[in-house]
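Asks: sequence below, structure please.
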Amino acid sequence: MALKHKVPAVSVLAGLLLWVAAVVVDVLFFHDEPFLDMLILAVPPHDIYIRSIGFTIVLALGFILSAQLANRDRVEQEVRKSRAFLQTVIDAIPDATMAIAADYQVVLANRAARDIAGVEDPVASGLRCHQVFHHCDIPCDGVEYPCPLVHVVATKGPALMTHTHHDAEGNEVFVEITAAPVFDDASEVTQIIESYRDITEQKKAEEEIANLAKFPAENPNPVLRVSGDGTIMFANNAAQPLLDAWSCRLGQAIPKQWAERVSHVLVTGQREDVEIECDGRTFLVTFAPVLEAGYVNLYAHDTTKRGLTGGMPT
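Replies: Coordinates of the predicted model:
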C-alpha cells in the first residue's frame, strides 16, 4: 500500500491513541472512576469535547498530509512522464546528443551517445563528457581540440568545431560538434547541449579530393583547364612554356584557333589530340571535354625527343 493511503489509517489510529492517553491521564490524576467508564461508558462531557477536538486535529492533519503526498506523487509522475518523453525524443536523434553540466557531468544522453559510451547509461554511471568520447579522465583542451563547454560558457553563445573522438571499440573518428548553452534565471550558463555528427567518411572524401586536386599541379607535364569561352581557369607550372608561347596567363583567353578547338570538342563531346609546336618544342595536346561542367582539360606531353613532326604551329 502506498504511503499516501497509509497516512489516513495511521492518523485514525493516532487519534484513538490520543483518546486513550487522555483517559489514562484522567484516571491517574483527575478522576476515580474505572478506566473503562472513563474510556467509553461514563465520559464527562467536557472530556468528550477536548478529546474530540484532539482526535479531529490529528485526523485532519493526517488527511492533509495524505493529500500532500498524493499531490507530490502526481507531480513526480508528471516529471517522470516528461523525462521519459524527452528521452524518447532525443533517442530519435541519429546523432549522439548529450546535456552536459558545467562540471562536465553528463545529465542526459540519447541512445547514440549511450552506444558510443559503451555503457547502458552514462548518466547513471556518473561519466563526464570527456570520459564518454575521449576515453580520458581530463577535459579536452588546447588549440587543436578546444573544449566546447569552456567556449560556450565563456561566450554564452553556440559553438561549432571538429574533434577526433573514439567510438565504443576505441577507433578514432572525426566528429563535428554543435554546442548550445542552457541558461538559468540569472542568464548564466548551467548546462550545454552537445550534438556529435560522425564526419569520418566526409573527412576521408575531402582528403581524397585534396590529394586528387594535387595531381594536376604536381604533374610534370602541362595541364590546363579552359572554359567554353576560351578563358584559362587553371594551369600548372609545367604549362608555362605554352602560356609563354600563347602570350597569356591564368584568367586570360587562349589564342583564337585553340579557343575554337575548345568550343568544338564541347559540341562534339569527343576528345581530340593535336600536336602544337612552340619555341622549338612539340607537344601532343589532348583536348578532353567535361560536358557537365562546361570546360575542357588540356593534357600536353612533350614529344620533341620522340622526333615527332608535322605539328600545328602555335
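
Asks: burial count for the nearest residue to Ile100 once chain neighbours are set aside?
Replies: What sits nearest to Ile100 in space, not counting adjacent residues and going by Cβ to Cβ, 6 or more residues apart in numbering, is Cys129, at 4.9 Å. The way it works is simple: take the backbone N, C-alpha and C, and place the C-beta from them, glycine included. For Cys129, the count of nearby residues is 26 (other Cβ atoms under 10 Å).

Asks: I figured Cys129 was touching Ile138, is that so?
Replies: No. With contact defined as Cβ atoms under 8 Å, Cys129 and Ile138 do not form a contacting pair (11.5 Å).

Asks: grab the longest helix from this structure for me.
Replies: Looking across the chain with DSSP state H, the single longest helix is helix 45-91.

Asks: rewinding a little: give the contact list for the residue nearest to Ile100.
Replies: Applying Cβ atoms under 8 Å, 6 or more residues apart in numbering to Cys129 gives the contacts 98, 100, 104, 106, 139, 149, 194.

Asks: what does Ile57 give?
Replies: No contacts exist for Ile57 under Cβ under 8 Å, 6+ apart.

Asks: how far away is it from Ala96?
Replies: 57 Å (Cβ to Cβ, to the nearest Å).

Asks: likewise Glu272?
Replies: From Glu272 to Ala96 the distance is 53 Å (Cβ to Cβ).

Asks: which residues in the stretch 201-314 of the chain form strands?
Replies: With DSSP state E, counting those that start in this stretch as the criterion, the stretch 201-314 of the chain has strands at 223-227, 232-235, 272-278, 281-290, 295-302.

Asks: Arg72: neighbour count?
Replies: Around Arg72 there are 12 other residues, counting by other Cβ under 10 Å.

Asks: any idea how far it lies from Phe63?
Replies: Separation of Arg72 from Phe63 (Cβ to Cβ) stands at 15 Å.

Asks: who are the neighbours in contact with Cys248?
Replies: Counted by Cβ under 8 Å, 6+ apart, Cys248 has contacts 232, 254-255.

Asks: beta partners of the spatially most central residue of the chain?
Replies: Among the residues of the chain, the one closest to the centroid is Ser195, at 0.9 Å (Cα atoms, centre = their mean). Beta-bridge partners of Ser195, counted by DSSP bridges, are Thr97, Thr178.

Asks: relative to His264, how far out is it?
Replies: Counting by Cβ to Cβ, the gap between Ser195 and His264 amounts to 52 Å.

Asks: so what's Val274 closest to, chain neighbours aside?
Replies: Val285 (5.2 Å).

Asks: what does the pLDDT read for the one you found?
Replies: On the pLDDT scale, Val285 is placed at 93.

Asks: what's around it, how many residues?
Replies: Counted by other Cβ under 10 Å, the residues lying close to Val285 total 22.

Asks: ok, now the one 5 residues further on?
Replies: Summarising burial for Val290: neighbours were counted as other Cβ under 10 Å, giving 11.
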